[in-house]
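S.K.: Just the structure for this:
(chains A, B, C and D)
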Number of protein chains: 2
Amino acid sequence: MVKLQKSVDKRNALIKATIELVNNNGFHATPMSKIAKMAHVSPATIYLYFENKQDLVNKTYIDVKTAYTNYAFANYNEDMSVKEGFEFIWKRIADFKLNECEHAMFLAQCDNSPMIDEQSRKEGIKHLQPLLDLWERGKKEGVIKPMSDYLLYAYAINPLSFLMMSEKRGAIKLDQSQIENAYQAAWSSIKIAPI
Amino acid sequence: MVKLQKSVDKRNALIKATIELVNNNGFHATPMSKIAKMAHVSPATIYLYFENKQDLVNKTYIDVKTAYTNYAFANYNEDMSVKEGFEFIWKRIADFKLNECEHAMFLAQCDNSPMIDEQSRKEGIKHLQPLLDLWERGKKEGVIKPMSDYLLYAYAINPLSFLMMSEKRGAIKLDQSQIENAYQAAWSSIKIAPI
DNA sequence: AAAAAAAGAATGAACGTTCATTTTTATCTA
DNA sequence: TAGATAAAAATGAACGTTCATTCTTTTTTT
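M.R.: Below is the predicted model of the structure:
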């Protein structure tokens, strides 16, 4: 049997340090030496786990994006009605963005800067399929507005990133009632209004 | 009389170069030497116009943010009804984000990374007041949902940033009918639904 | 005892900023 | 107005530092 060479713990520590340092300083102001220090590892050791700095940050991005979508769709099943399913997924995503905000901040920074390879970006989008399927069904049933997935995402999901950043920056504090407001805003932006 | 020393053109060229290079490479991967080259100026000259690199990027941020809000509120007047006023401002902002996308991209990157001083960030928010006033009026009239300004902004305005980035990345192409869809989504997310 | 993993020190390139000098502009004088 | 002079603006080269990455050696594991 080919044993698991190299420790998974060390890799995780490196990913974790990368997230924290990039959140606070940005990609290019985060030296490998600091990442190494925070992960209690020699700079040279990083290169046993990752090809180079760009590879490290790409892999970190994919890791975090995967954690995000795994969280979002955990316990979701397709038997739910479109409205129920959307509320379920939306609230999971809200949970993730507001509780795991280190991860969410990292994604927000990656998604708005040229620091990630186009390929890793594409890789990260894949995992959103269940939500896109739900929307497709919603459009067929006449429950969801017949708009492109990007428009639906822009209004139903993406605002959570803005709210998370605002909260992280101390501009607002999101309590339960505001999250409920946000959900209602999200739903009313994409649902087809009753006549 | 103290004449206008130093050329305004040169300052503008530096700001323009900063926007373009930061958009393509990020703040820390944009060397002063490249900014200088693109502005047809010696590196040392930059320091006659700005204190240092951080100051240059802060000033650029404020410049662009000001241009953004100036554009958004040009020709707006408070006599309009809340619905009319919102549509007017929204469409101006959409115009700006989709046509002046170099500027909009720069703002999006600044707003999601630690590259800007907290103080310059605050400075940039100020100019949004007319929109906040409109929303205040809308809430009083029972036309706009009684939510915090951050929530309203998150759903009514911020999605345009996401759409602009997606278009810039080549993922979508926004035609007039999609912009109209986006407007309807924005409005339905914040308006109070008829009973 | 051999192989794999990890380490710290070393390397060369790139960066922000400053320095010494030159070029341009404005002011003054005859 | 022409020429001289001073001040301001601009420059290219240089400095000291920092960084990603590699090299050589040591430690750990098999």
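S.K.: got the contact list for the helix-or-strand element of chain A with minimal mean pLDDT?
M.R.: For chain A, counting by mean pLDDT, DSSP states H and E, helix A:118-125 ranks last in confidence among helices and strands (a mean of 89). Here helix A:118-125 makes contact (Cβ atoms under 8 Å, 6 or more residues apart in numbering or on different chains) with A:Asn58, A:Tyr61, A:Ile62, A:Lys65, A:Thr66, A:Asp111, B:Arg169. Where C-beta positions appear, they are placed from N, C-alpha and C, glycine not excepted.
S.K.: can you pull the pLDDT of A:Trp90?
M.R.: For A:Trp90, the pLDDT comes out at 98.
S.K.: quick one, longest helix in chain A?
M.R.: Secondary structure of chain A per DSSP state H: the longest helix is helix A:53-73.
S.K.: Could you list the buried residues of it?
M.R.: Across helix A:53-73, burial judged by 16 or more other Cβ atoms under 10 Å in any protein chain shown covers A:53, A:56-65, A:68-69, A:71-73.
S.K.: tell me the domain ranges of chain A?
M.R.: Listed by automatic domain parsing, the domain ranges of chain A are A:7-50, A:61-190.
S.K.: out of the ones you listed, nearest to B:Pro194?
M.R.: Nearest of the domains of chain A to B:Pro194, taken as Cβ to Cβ: domain A:61-190 at 12.1 Å.
S.K.: how distant is the closest one from the center of its chain?
M.R.: 8 Å (Cα atoms, centre = their mean, to the nearest Å).
S.K.: That one near DNA strand C anywhere?
M.R.: No - contact of domain A:61-190 with DNA strand C is not found when judged by Cβ under 7 Å from any atom of the strand; the minimum separation is 14.5 Å.
S.K.: Straight-line length of that domain, end to end?
M.R.: By Cα to Cα, to the nearest Å, the extent of domain A:61-190 from end to end equals 28 Å.
S.K.: what does stretch A:167-181 give?
M.R.: Start-to-end, stretch A:167-181 (Cα to Cα) is 15 Å.
S.K.: How about stretch A:35-48?
M.R.: This stretch, stretch A:35-48, spans 14 Å end to end (Cα to Cα).
S.K.: Over to stretch A:145-160?
M.R.: 20 Å.
S.K.: Can you give me the buried ones in that stretch?
M.R.: A:145, A:147-148, A:150-160.
S.K.: which one of the residues you listed is nearest B:Glu136?
M.R.: Lowest distance from B:Glu136 to these (Cβ to Cβ) belongs to A:Pro159, with 20.2 Å.
S.K.: if we can go back for a sec, I'd like to know if the longest helix of chain A reaches chain B anywhere along the stretch.
M.R.: No - Helix A:53-73 lies out of reach of chain B by Cβ under 8 Å from any Cβ of the partner chain, never closer than 11.0 Å.
S.K.: That helix - contacts with which helices or strands?
M.R.: Under the contact criterion of 3 or more Cβ pairs under 8 Å, 6 or more residues apart in numbering or on different chains; DSSP states H and E, helix A:53-73 touches helix A:8-25, helix A:82-99, helix A:101-111, helix A:118-125, helix A:129-140.
S.K.: In a markdown table, list the ones you listed along with mean neighbour count.
M.R.: A markdown table is the format used below for those (neighbours: other Cβ atoms under 10 Å in any protein chain shown):
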| stretch | mean neighbour count |
| --- | --- |
| helix A:8-25 | 18 |
| helix A:82-99 | 18 |
| helix A:101-111 | 21 |
| helix A:118-125 | 14 |
| helix A:129-140 | 17 |
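S.K.: And the ones you listed, which one averages the lowest pLDDT?
M.R.: Comparing mean pLDDT across these, the weakest is helix A:118-125, with a mean of 89.
S.K.: just the angle between that helix and helix A:53-73, please?
M.R.: Angle of helix A:118-125 versus helix A:53-73, following axes from the mean of the first three to the mean of the last three Cα atoms, to 10 degrees, is 10 degrees.
S.K.: relative to helix A:101-111, how tilted is helix A:118-125?
M.R.: 130 degrees.
S.K.: thought A:Asp149 was touching A:Leu132?
M.R.: Yes - contact status for A:Asp149 versus A:Leu132: in contact at 5.4 Å, counting by Cβ atoms under 8 Å.
S.K.: Render the CA-only coordinates of the least confident helix or strand of chain A in PDB, please.
M.R.: The C-alpha coordinates for helix A:118-125 follow below in PDB (Å, rounded to 0.1, in the frame of the first residue of the first chain):
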ATOM      1  CA  GLU A 118      -8.600  31.400 -14.400                       C
ATOM      2  CA  GLN A 119      -8.500  27.700 -14.300                       C
ATOM      3  CA  SER A 120      -8.800  27.400 -10.600                       C
ATOM      4  CA  ARG A 121     -11.600  29.900 -10.800                       C
ATOM      5  CA  LYS A 122     -13.500  27.600 -13.200                       C
ATOM      6  CA  GLU A 123     -12.700  24.600 -11.000                       C
ATOM      7  CA  GLY A 124     -14.400  26.400  -8.100                       C
ATOM      8  CA  ILE A 125     -17.600  27.200 -10.000                       C
END
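S.K.: separation between the closest residue to A:Asn70 other than its chain neighbours and A:Glu118?
M.R.: Distances taken as Cβ to Cβ, 6 or more residues apart in numbering or on different chains put A:His127 closest to A:Asn70, at 7.8 Å, once the chain neighbours are dropped. Using Cβ to Cβ, to the nearest Å, A:His127 is found at 17 Å from A:Glu118.
S.K.: A:Asn77 now?
M.R.: As judged by Cβ to Cβ, A:Asn77 and A:Glu118 stand 33 Å apart.
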